[in-house]
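*Asks:* kindly return the folded structure for what I paste below:
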Amino acid sequence: MLKKFFLLSALGLIFVLIFNGCEKKAEVAESAKTDEVTIALSPSAEEVKGEQFSLQLSDLKIIKTIDKSTKELTTTPNLKGNIKIKNISKNILEIQGVTFQYLDGSGNLIPFKTGEKNVTVSTYMRDLQPGKESETSLDVTVPMTAVKEKSLSKIQANVVYIPTPLKRESLDVAVKMEEK
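*Replies:* Residues are numbered from 1 along each chain as shown. Just a heads-up that it's a prediction; the model follows:
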């Protein structure tokens, strides 16, 4: 009886090891089919000014994943980098977010196609005092067409903000601590 138990346990262990080993090999083979390629955008840093703020994009790069055998894109490419917003107005600006659109050489919008991952909003949610700036990283998607056809000529950043003077009031609430 005890021999039978050890024999079955050993066989079970062998099956577990075999199936786990096969699963890991399949994962390795699957990841080897694709390649991640980084495309640097130039200029490496660009600052533009609006009426209320200035916007600086820096270290911009597009990360694309391609199938090694077909050289086709396998996922929607990502635009990564840094974004800095500076309040150049005399009011406090409440920055809600920044949306991105992509334009070709003629100034036409390059749309996302059905089925592509579409992440074009960078959430910000910061109050900026006059003369102050805020910086964060950027990670949004780019339409596959813009990368495949190398038609990307401009990135349009739309800053969503509340332009009215923002005021805050602090109120103190008195409390006592009592053990029960």
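*Asks:* which SSE is residue 136 in?
*Replies:* strand 133-141 (DSSP states H and E).
*Asks:* what pairs with that strand, parallel or antiparallel?
*Replies:* Neighbouring strands of strand 133-141 in its sheet, by DSSP bridges, are strand 78-87 (antiparallel).
*Asks:* off-centre distance for the partner strand?
*Replies:* 11 Å (CA atoms, centre = their mean, to the nearest Å).
*Asks:* what about residue 128, neighbour count?
*Replies:* 23 (other CB atoms under 10 Å). No exception for glycine: its C-beta is placed from N, CA and C like everyone else's.
*Asks:* nope, residue 137 is what I was after
*Replies:* Neighbour count for residue 137, taken as other CB under 10 Å: 10.
*Asks:* what do you get for the one 4 residues further on?
*Replies:* Using other CB under 10 Å, residue 141 is surrounded by 19 other residues.
*Asks:* hmm, residue 76 is touching residue 117, no?
*Replies:* Yes: under the criterion of CB atoms under 8 Å, residue 76 makes contact with residue 117 at 4.1 Å.
*Asks:* show me whatever sits in contact with both of those two.
*Replies:* residue 141 (CB atoms under 8 Å, 6 or more residues apart in numbering).
*Asks:* pick out whichever of those two has more residues nearby.
*Replies:* Taking neighbours as other CB under 10 Å, residue 76 and residue 117 compare with residue 76 leading, 19 against 11.
*Asks:* identify the residues contacting stretch 44-51?
*Replies:* With CB under 8 Å, 6+ apart as the criterion, stretch 44-51 contacts 54-60, 88-89, 157, 159.
*Asks:* in helices only, show me those residues.
*Replies:* Of these, none are assigned to helices by DSSP state H.
*Asks:* which residue sits closest to the residue nearest the centre of the chain, ignoring its sequence neighbours?
*Replies:* For the chain, residue 139 is the residue whose C-alpha lies nearest the centre (CA atoms, centre = their mean; 2.2 Å). Distance criterion CB to CB, 6 or more residues apart in numbering; nearest residue to residue 139, sequence neighbours excluded, is residue 80 at 5.4 Å.
*Asks:* measure that neighbour to residue 154 for me?
*Replies:* Note on residue 80: its distance to residue 154, by CB to CB, to the nearest Å, is 18 Å.
*Asks:* so which of those two has more stuff around it?
*Replies:* residue 80 (15 against 12).
*Asks:* now do the contacts for the more buried one.
*Replies:* Per CB under 8 Å, 6+ apart, neighbours of residue 80: 59-63, 137-139.
*Asks:* please repeat the previous calculation with a cut-off of 7 Å.
*Replies:* Going by CB atoms under 7 Å, 6 or more residues apart in numbering, residue 80 touches 61, 63, 138-139.
*Asks:* fine by me, thanks again.
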